[in-house]
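> Build me a model:
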Amino acid sequence: MQFERLVALRYLKAKRREKFISLISFISIAGVAVGVMALLVVIGVMTGFDQDLKRKILSVNAHVILIKPGYSIVDYDALVKKVEAVPGVASAKPFIYTQVMFSGPNNISGGVIRGLDLASIHQGGPAAIEVRDGSFTTLDKVQPAELPSVAVGNELAKNIGVRVGSQIKIISPLGTLTPMGRIPRVKNFQVGAIFHSGMFEFDNTLVYASIPQVQEYLGLGDKVTGLEIRVDDIYAADTVAAAVQTALGPGYQTRDWMRMNRSLFAALKLEKIAMFIILTLIVLVAAFNITSTLIMLVMEKHKDIAILKSLGATRRSIMKIFILEGLIIGAIGTVLGLGLGYLLTAMLKKYEFIKLPSDVYYISTLPVKVESLDVALIAGATMLISFLATIYPSWQASRLDPVEAIRFG
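Next up is the predicted model:
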């Protein structure tokens with residue numbers, strides 16, 4: 001390979017009489033670089049979007065939920081101990097979840113009230129939620145003459161016109177059954193905190209209250225909707241959910257976060273694969289430039305090829321020379337493209353200069369996450385395409401007849 005590499009590098013560096021070939025070589029490198037850069041940026045954005053969406057979904061929802069279909073759970077303290085004894089379970093906490101209507105000074109909006117356990121309230125609310133105003137700890141501090149407190153999503157607060165200290169009326173359609181029909185339950189609460197989860201869907205529909213207050217409001221007694229379970233490994237949530245259901249026996253049902261959001265993440269994965277295939281076509285177009293560059297180089301260097309063959313170079317050696325030259329062009333383009341891609345993704349991550357409508361995309365800025373596996377796949381696919389682009393011109397060079405080339409050159 002020393003001989004072939006030496007000649008390939010010499011051809012690449014040499015000043016050619018045909019300046020047009022040098023221009024095509026530069027365009028080939030630029031084309032590969034642009035294709036690799038586009039691939040890296042788009043795949044990085046898709047990966048970042050996927051991971052950011054998972055993080056924000058899990059900031060509000062549990063890794064696994066345990067419910068009793070058709071019934072509320074009564075003896076949940078004993079159930080928590082059984083669940084936490086299952087290997088892989090980090091913690092289990094009761095929750096209440098029901099759909100209601102919210103009425104404020106400016107508007108009425110539908111949404112969900114979620115009962116939060118006192119331990120989470122004393123910790124300042126769910127770990128991944130940002131408190132914009134007030135405090136979650138007020139949800140547990142209720143004096144006899146005061147209204148109970150709730151924590152309201154920032155978009156919902158804006159929509160119905162409330163802030164910390166304002167009153168909010170919560171209406172439940174699952175009210176009291178009377179001879180005149182079902183009467184909705186209506187109760188006034190006080191806004192004790194405004195939070196931001198980062199997902200418009202949650203921030204515009206979700207209100208937190210303490211479990212005792214929700215139980216009293218809905219007339220549930222000591223019942224809860226179910227248990228929310230946190231696991232040690234979020235990607236093993238389905239296995240842990242199955243183990244929990246086996247440990248508790250029939251009558252209970254578990255659902256993990258992957259199952260609950262399966263269609264969403266399957267669509268994101270399919271879109272990422274589709275974008276990879278589509279943007280690889282940019283590299284494929286650049287590969288045609290590599291092919292044309294090598295064909296023109298073979299035409300220019302036909303005398304050199306003839307002399308090399310006359311001195312004993314084999315067809316295989318001639319093929320290697322031009323394959324190496326094409327791979328060098330592809331490698332330079334790949335390295336430049338990866339460098340430009342890393343630079344652009346770093347700028348996107350730091351400055352966040354691309355804004356998104358949060359009510360459409362769930363997020364307000366473009367997330368970026370570059371993974372080493374994606375980089376390896378992009379570089380590998382680019383080099384494979386570059387190699388395939390060199391085969392035909394290299395084969396044509398190896399078939400050149402030295403006698404004909406010298407006689408008519």
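> From the centroid of the chain, which residue is nearest?
Nearest residue to the geometric centre of the chain (C-alpha atoms, centre = their mean): Asp50, 1.4 Å.
> residues near the spatially closest residue to it that is not a sequence neighbour, how many?
Using C-beta to C-beta, 6 or more residues apart in numbering and skipping the chain neighbours, the partner closest in space to Asp50 is Leu268 (5.0 Å). C-beta here means a position set from N, CA and C on the backbone, and glycine is covered the same way. By other C-beta atoms under 10 Å, 17 other residues sit near Leu268.
> what's near enough to touch Leu268?
Leu268 is in contact with Met46, Phe49, Asp50, Leu53, counting by C-beta atoms under 8 Å, 6 or more residues apart in numbering.
> Nearest to Met275 among these?
Met46 (6.2 Å; C-beta to C-beta).
> longest helix anywhere in the chain?
helix 19-60 (DSSP state H).
> Could you spell out the sheet neighbours of the following helix or strand past that one, each with its direction?
Next along the chain after helix 19-60, taking DSSP states H and E as the criterion, comes strand 64-67. Paired neighbours of strand 64-67 in the sheet (DSSP bridges): strand 226-231 (antiparallel), strand 253-256 (antiparallel).
> ok and the first one relative to helix 19-60, angle-wise?
Orientation note: strand 226-231 sits at an angle of 130 degrees relative to helix 19-60 (axes from the mean of the first three to the mean of the last three C-alpha atoms, to 10 degrees).
> For strand 226-231, C-alpha coordinates in PDB please.
Extracted C-alpha coordinates of strand 226-231, given in PDB (Å, rounded to 0.1, in the frame of the first residue of the first chain):
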ATOM      1  CA  GLY A 226     -53.600   4.600  42.000                       C
ATOM      2  CA  LEU A 227     -49.900   4.600  42.600                       C
ATOM      3  CA  GLU A 228     -47.200   6.300  40.600                       C
ATOM      4  CA  ILE A 229     -44.000   4.200  40.600                       C
ATOM      5  CA  ARG A 230     -40.400   5.400  39.900                       C
ATOM      6  CA  VAL A 231     -37.900   2.800  38.700                       C
END
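> The stretch 151-300 of the chain: helices as residue ranges?
154-160, 200-203, 211-218, 237-248, 257-260, 262-300 (DSSP state H, counting those that start in this stretch).
> could you dump those to a markdown table with distance to Val34 and mean pLDDT?
Converted to a markdown table, the helices of the stretch 151-300 of the chain look like this (distance: least, C-beta to C-beta, whole Å; pLDDT from 0 to 100):
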| stretch | distance to Val34 | mean pLDDT |
| --- | --- | --- |
| helix 154-160 | 39 | 92 |
| helix 200-203 | 34 | 86 |
| helix 211-218 | 56 | 89 |
| helix 237-248 | 40 | 91 |
| helix 257-260 | 36 | 89 |
| helix 262-300 | 7 | 86 |
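> Compare the ones you listed and report which one is nearest to Ala397.
Of those, the one closest to Ala397 (C-beta to C-beta) turns out to be helix 262-300, at 4.5 Å.
> now that closest one, how far from the chain's geometric center?
22 Å (C-alpha atoms, centre = their mean, to the nearest Å).
> Only the buried residues of it, if you could.
For helix 262-300, the neighbour count (16 or more other C-beta atoms under 10 Å) marks 268, 272, 275-276, 279-280, 282-284, 286-287, 289-298 as buried.
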